[in-house]
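>>> This is a predicted model, with the sequence first.
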Amino acid sequence: MTTFKTNGVCSKAIHFDTENGVVKSVDFEGGCAGNTNGISSLVVGMPIDDVIKKLSGIQCGARGTSCPDQLARALSDARR
């Protein structure tokens, strides 16, 4: 399990697992439960690169980021 500390959003951290380039699990710590649970359900089983492409740059208000964008950043960092 990898933990990514978020920045600029309501959630405090994202815990996730990947295997062979595919997202296996995602759990947001905090944030809007409906949205974060929905995001988690949608991305499990998807290739990491597809998740990054779809979620990168999504903004929440004037924050300059969002929980989906933070997940894309977390996955991108984990790939390195």
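Done, it's in.

>>> okay, stretch 67-78 in CSV with CA atoms only?
Taking C-alpha atoms only, stretch 67-78 is exported to CSV below (Å, rounded to 0.1, in the frame of the first residue of the first chain):
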residue,chain,number,x,y,z
CYS,A,67,-9.1,15.0,-5.2
PRO,A,68,-9.1,13.4,-8.7
ASP,A,69,-6.1,15.6,-9.7
GLN,A,70,-4.3,14.6,-6.5
LEU,A,71,-4.9,10.9,-7.3
ALA,A,72,-3.4,11.5,-10.8
ARG,A,73,-0.3,13.1,-9.2
ALA,A,74,0.0,10.3,-6.7
LEU,A,75,-0.1,7.7,-9.4
SER,A,76,2.4,9.7,-11.6
ASP,A,77,4.8,9.9,-8.6
ALA,A,78,4.5,6.2,-7.9
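
>>> Buried residues, that stretch. List them.
Within stretch 67-78, the residues scored as buried using 16 or more other C-beta atoms under 10 Å are Cys67, Pro68, Asp69, Gln70, Leu71, Ala72, Arg73, Ala74, Leu75. C-beta coordinates here come from the backbone N, C-alpha and C atoms, glycine included.

>>> which ones are touching the first one?
Spelled out, that is Cys67. Thr6, Val9, Cys10, Ser11, Ile14, Phe28, Gly31, Cys32, Asn35, Thr36, Ile39, Cys60 (C-beta atoms under 8 Å, 6 or more residues apart in numbering).

>>> Quick one, which of those residues are buried?
Buried, going by 16+ other C-beta under 10 Å: Thr6, Val9, Ser11, Ile14, Phe28, Gly31, Asn35, Thr36, Ile39, Cys60, out of the contacts of Cys67.

>>> The nearest residue to the fifth one once chain neighbours are set aside: what secondary structure?
The one in question is Phe28. The shortest distance from Phe28 to any non-neighbouring residue, by C-beta to C-beta, 6 or more residues apart in numbering, is to Thr36 (3.7 Å). Per DSSP: H, G, I helix; E, B strand; the rest coil, the local secondary structure of Thr36 is helix.

>>> you'd agree Thr36 is up against Ser11?
Yes. The pair Thr36 and Ser11 qualifies as a contact (C-beta atoms under 8 Å) at a distance of 6.2 Å.
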